[in-house]
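In: sequence and predicted structure are below.
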Amino acid sequence: MNHLQSIELSVSISNKQVCDNLNLNIEPGEVWGILGRNGAGKTTLLHTLAGLRSPDSGEILLSNKSISQLSRKQIARQLGLLLQQSEESFPSSVIETVLTGRHPHIDNWSWESKGDLVIARQALELVQLSEMADRSIDQLSGGERQRVAIACLITQSPEIYLLDEPNSHLDLKYQIQLLDVLVTLARTKQKSILMTLHDLNLAVRYCDKLVMLLGDGKVLVGDTETLLTEDNLLHLYNHPIKKIDADNHSVFIAN
């Protein structure tokens, strides 16, 4: 089974410490969230764990191999990254865009197979965009583009999903539906998810464990239920957060 680990990982950006000696062990089937204030370094940490930037010190292991020793294609066969949305540099259809998710699994100079196309169309069904398969990407709204990006990631079929604000640009309906799809995939197929989030109520709904970036390199790591206390959240956001228990689950609101 594929898993992602960080060993004594230290990360900084622009002379700001994101984490110091961070140890993570993300197992198959687990869903993790990264929480922190704007500018705390959530995206920087996610990109570092994906191997897109080097840490200050420490090591990242992907299935017990140092990620620094793996090619981008080897990494992409195991780990998929959802970036914060960016504009497409050239026009292409929705299905062509989603099919690019299969590229890590295709030999050089080969074309996508019928099987790859089936996988892509199934992913479009999961994000409810099948009827837009032939539409040009540049004709889509921001929320529809986000759903295409998620479909592309599902088409990639990685073992580990790193998601940077997966609910951005999405209406509440699709925030819940798409996170349901991704988390169900993790639970049933023994995939792993690590995602940055702003919404505490989505974190408590979906995440087994959390990484809380408190600032100045200080980090809390642990079970969601244990970490989401009013004291920890006050420290995390520098603002009082009220925890309300109702109907066997917790809801968080800003005071």
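Out: Nice, thanks for sending it over. Numbering: from 1, shown residues only.
In: drop to CA atoms for contacts and neighbour counts, all remaining ones
Out: Noted.
In: helices of the stretch 151-255 of the chain, residue ranges please.
Out: Using DSSP state H, counting those that start in this stretch, the helices found in the stretch 151-255 of the chain span residues 172-189, 200-206, 224-227, 230-237.
In: which stretch among these comes nearest Gly33?
Out: Among the helices of the stretch 151-255 of the chain, helix 200-206 comes nearest to Gly33, with 6.4 Å by CA to CA.
In: okay, buried residues for the closest one please.
Out: Buried residues in helix 200-206, defined by neighbour count with 16 or more other CA atoms under 10 Å: Leu200, Leu202, Ala203, Val204, Tyr206.
In: then stretch 63-72?
Out: For stretch 63-72, a neighbour-count test (16+ other CA under 10 Å) marks Ile67, Ser68 as buried.
In: list the contacts of Asp171.
Out: By CA atoms under 8 Å, 6 or more residues apart in numbering, Asp171 lies in contact with Gly143.
In: quick one: it from Ser141, how far?
Out: 12 Å (CA to CA, to the nearest Å).
In: one more: Leu182?
Out: Leu182 is 21 Å from Ser141, where distance means CA to CA.
In: who has more neighbours out of the two?
Out: More crowded of Leu182 and Ser141, by other CA atoms under 10 Å: Leu182, with 20 against 12.
In: what count of nearby residues applies to the closest residue to Arg53 other than its chain neighbours?
Out: Leaving aside its chain neighbours, Arg53 sits nearest to His47 (6.4 Å; criterion: CA to CA, 6 or more residues apart in numbering). Using other CA under 10 Å, His47 is surrounded by 19 other residues.
In: element containing His47?
Out: Element membership for His47 (DSSP states H and E) is helix 42-49.
In: mind listing what Ile201 touches?
Out: If you look again at residue 201, you'll see it is Asn, not Ile. So Asn201 contacts Ser250, Val251, Phe252 (CA under 8 Å, 6+ apart).
In: Pro104 now?
Out: Pro104 neighbours (CA under 8 Å, 6+ apart): Lys73, Gln74, Ala76, Arg77, Gln156.
In: need the max-distance pair from the residues you listed.
Out: Maximum pairwise distance in the contacts of Pro104, criterion CA to CA, is 12.4 Å, between Gln74 and Gln156.
In: give me the more crowded residue out of these two.
Out: Gln156 (27 against 13).
In: gap between the helix holding His47 and the chain center?
Out: Its chain's C-alpha centre and that of helix 42-49 lie 10 Å apart, by CA atoms, centre = their mean, to the nearest Å.
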